[in-house]
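1. Provided below are the primary sequence and the corresponding predicted coordinates.
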Amino acid sequence: MAFWKNSRTVMLKLKLLCQRREQKKKKRRPGDLAEDDLIANADKNYEIKIHNVILDTVVESIHHRYAANTVLCADVSCMDPKRFPEIREKGLPNTAMKELSKCLLKFDDRATVEALQAELTSLAQHWERLKQSLQEEYNTRAATTSDDSGEDLDESVEFVSTSCSTCKNCLVCCYLLLSQYNLLTDAYHIIGLGYKFILTLSVSQVACERTFSTLKLVKNRLRTSLNQENLEAFMLMATEKEILMALDKDDIIEKMAESSELLRRLLVY
């Protein structure tokens, strides 16, 4: 009896093995190529094995990065000036600005969904008139270096200001217009905070790489004993050099004099 059971088990295993071998391959549709097909055309070979693979990787990376923040991306799309004509005609969806409101409530208690929707609707209504007074270009700053050795970079790095033309149809132009006419304090305070929050977010790893490059310039071989507080101060001064150079020296001296009585006697009197 035991022999019969063992032989029956062996027969079932053999049958399953034969079925797996006899399984038909997936039928190819017109235009599909098998992996073992040779491609004579070099351009077609490049398109299939390199171009399409890179494109699929990019699409998958974008989907993986932004899948968890689809609701926030939808709120950002509503703040795009390209959507303002649609907002003027149909209005905002009921679910708009909810995710952005959750992020902004940490900074301002007035950043409710109703306040964001009201200010964004008002900005969309007046955008065509406001953007006519927007400046044609704005300045940006980039760091350039001529030393490839990796040593003494703090002496070879130069910050170059370049002018970029405004398109009057993007998030940056919206924030520039609100800040240029001092509309961030009263008229569009909440939505201005939303634009500032969105533009501060690091979409790619470029900002992180730039921060580490600045850190390498600040904390070099001669400044290895910096504590955390001084290092943060030096990093802030290195990244916001234009604001630092625009400060009045007398204001800095008076601010330092307020810290102690000894500095007051030395600096003021």
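-> On my side now, so go ahead. Numbering: from 1, shown residues only.
2. quick one: residues in contact with whichever strand or helix holds Glu86.
-> Glu86 belongs to helix 84-90 when assigned by DSSP states H and E. Applying CB atoms under 8 Å, 6 or more residues apart in numbering, the contact partners of helix 84-90 are 78, 120-121, 123-125, 127. Backbone N, C-alpha and C define where each C-beta goes, glycine included.
3. list the buried residues in that helix.
-> 84, 87 (16 or more other CB atoms under 10 Å).
4. for that helix, what is the average pLDDT?
-> Across helix 84-90, pLDDT averages out at 90.
5. which parts of whichever helix or strand comes after that helix are buried?
-> Moving toward the C-terminus from helix 84-90, the next helix or strand (DSSP H and E) is helix 98-104. For helix 98-104, the neighbour count (16+ other CB under 10 Å) marks 98-101, 103-104 as buried.
6. next one, pLDDT for Ile190 please.
-> 89.
7. among the contacts of helix 84-90, who's most crowded?
-> Highest neighbour count within the contacts of helix 84-90: Leu120, with 25 neighbours (other CB atoms under 10 Å).
8. that one sits in which helix or strand?
-> Using DSSP H and E, Leu120 falls in helix 113-130.
9. which helices and strands does that helix pack with?
-> helix 84-90, helix 98-104, helix 189-200 (3 or more CB pairs under 8 Å, 6 or more residues apart in numbering; DSSP states H and E).
10. using JSON lines, please lay out the contacts of helix 84-90 together with pLDDT and distance to Met237.
-> Shown next, in JSON lines, are the contacts of helix 84-90 (pLDDT from 0 to 100; distance: CB to CB, whole Å):
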{"residue": "Cys78", "pLDDT": "89", "distance to Met237": "36"}
{"residue": "Leu120", "pLDDT": "91", "distance to Met237": "35"}
{"residue": "Thr121", "pLDDT": "91", "distance to Met237": "40"}
{"residue": "Leu123", "pLDDT": "89", "distance to Met237": "34"}
{"residue": "Ala124", "pLDDT": "90", "distance to Met237": "38"}
{"residue": "Gln125", "pLDDT": "90", "distance to Met237": "41"}
{"residue": "Trp127", "pLDDT": "86", "distance to Met237": "36"}
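11. so which of those residues is the closest to Ala257?
-> Lowest distance from Ala257 to the contacts of helix 84-90 (CB to CB) belongs to Leu123, with 43.3 Å.
12. how close does that closest one get to His189?
-> Counting by CB to CB, to the nearest Å, the separation of Leu123 from His189 is 12 Å.
13. helices and strands of this structure: which one bottoms out on pLDDT?
-> helix 153-156 (a mean of 46; mean pLDDT, DSSP states H and E).
14. re earlier: would TSV of the helices and strands packed on helix 113-130 with distance to Ser61 be doable?
-> Formatted as TSV, the helices and strands packed on helix 113-130 follow (distance: least, CB to CB, whole Å):
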stretch	distance to Ser61
helix 84-90	29
helix 98-104	22
helix 189-200	21
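15. nearest to Leu231, of these?
-> Closest of the helices and strands packed on helix 113-130 to Leu231 is helix 189-200, at 21.1 Å (criterion: CB to CB).
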